[in-house]
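# can't give you the sequence, but here's the structure:
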């Protein structure tokens with residue numbers, strides 16, 4: 001499978017067994033294929049950034065970081081395909097193509113984030 005930056009993907013369970021860590025988000029919660037990951041590429045490295053629908057949880061974390069540090073550049077809450085999601089830049093991790101299960105699709109169409117959001121994520125990732 002060719003991985004295209006800017007699209008959303010799901011990671012194989014095998015990755016989480018090979019690279020077991022409490023710092024990685026749990027994969028396939030409640031029997032589903034969550035979370036979804038936003039793909040970016042830096043040179044030869046594929047990075048995957050978790051996307052969460054737990055807006056209230058991450059909004060609280062953002063407010064606490066802003067209160068403590070004056071800024072939060074590790075989590076964004078933005079709209080992706082008509083729904084608000086938390087983009088967890090702080091939880092980005094690299095992986096190989098062999099661990100990608102499939103592209104995230106809605107109504108049979110692969111989901112790609114809009115270019116302005118992709119640019120914003122890339123800027124914050126390299127902050």
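Sure thing, it's come through. If you're wondering where the values come from, they're calculated on a predicted model, not measured in any experiment.

# Could you name the helices and strands sitting against the strand or helix carrying residue 49?
For residue 49, the host element (DSSP states H and E) is strand 45-52. Where contact means 3 or more CB pairs under 8 Å, 6 or more residues apart in numbering; DSSP states H and E, strand 45-52 is packed against strand 8-11, strand 36-42, strand 83-88, strand 93-95, helix 115-125. The way it works is simple: take the backbone N, C-alpha and C, and place the C-beta from them, glycine included.

# Neighbouring strands of that strand in the sheet, and parallel or not?
In the sheet, strand 45-52 lines up against strand 36-42 (antiparallel), strand 83-88 (antiparallel), strand 93-95 (antiparallel) (DSSP bridges).

# Return the most buried member of those.
strand 36-42 (a mean of 20; mean count of other CB atoms under 10 Å).

# hang on, the earlier thing: now render the strands paired with strand 45-52 as JSON lines, adding mean pLDDT and distance to residue 52.
As requested, those are exported to JSON lines (pLDDT from 0 to 100; distance: least, CB to CB, whole Å):
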{"stretch": "strand 36-42", "mean pLDDT": "84", "distance to residue 52": "9"}
{"stretch": "strand 83-88", "mean pLDDT": "92", "distance to residue 52": "4"}
{"stretch": "strand 93-95", "mean pLDDT": "86", "distance to residue 52": "15"}
